[in-house]
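Engineer: please find the sequence and the predicted model below.
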Amino acid sequence: MAQRHRSAMKRARQNEKRRVLNQSRKTRVKRLVRDVRQAVAANNLEEAKNALEKAVPVISRVAGKGTLHWRAAARRISRLTKQVNALKESSS
């Protein structure tokens, strides 16, 4: 049986906590992104705007925590905003 140092056991506990938190954060971001995209696909401008307003701060916060890379977060926000703005232009 392999012996484990106390520091290795602590590191394993920390990694597990972080993994669960990161998984939860990523799932939340995916759900919010999906909500925006579904609203855009349904041509529902008001719903798309509201969903985008909810999604942007969460994506930024998750990037700030290090779960998402800051450039990946910026890219997602940019693309979602672009889709909502295109919907705005087409409905005008």
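Structural biologist: That came in fine, so what should we check first?
Engineer: longest single helix anywhere in this protein?
Structural biologist: The longest helix of the chain (DSSP state H) is helix 6-41.
Engineer: same question for it, mean pLDDT?
Structural biologist: The average pLDDT for helix 6-41 rounds to 96.
Engineer: show me how far it is from its chain's centre.
Structural biologist: In terms of C-alpha atoms, centre = their mean, to the nearest Å, the centre of helix 6-41 is found 9 Å from the chain centre.
Engineer: which parts of it are buried?
Structural biologist: For helix 6-41, the neighbour count (16 or more other C-beta atoms under 10 Å) marks 25, 28-29, 32-33, 35-37, 39-40 as buried. For the C-beta atoms, the positions are set from N, CA and C on the backbone; glycine is no exception.
Engineer: tell me which residue is most central in the protein.
Structural biologist: The chain has Val29 as the residue nearest its centroid, 2.6 Å off, counting by C-alpha atoms, centre = their mean.
Engineer: which other helices and strands does the strand or helix carrying Lys88 contact?
Structural biologist: Per DSSP states H and E, Lys88 falls inside helix 70-91. Where contact means 3 or more C-beta pairs under 8 Å, 6 or more residues apart in numbering; DSSP states H and E, helix 70-91 is packed against helix 6-41, helix 45-65.
Engineer: give the other helices and strands that the longest one contacts.
Structural biologist: Counting contacts by 3+ C-beta pairs under 8 Å, 6+ apart, helix 6-41 packs against helix 45-65, helix 70-91.
Engineer: so which of those is the most packed in?
Structural biologist: Mean neighbour count (mean count of other C-beta atoms under 10 Å) peaks for helix 45-65 among these, with a mean of 16.
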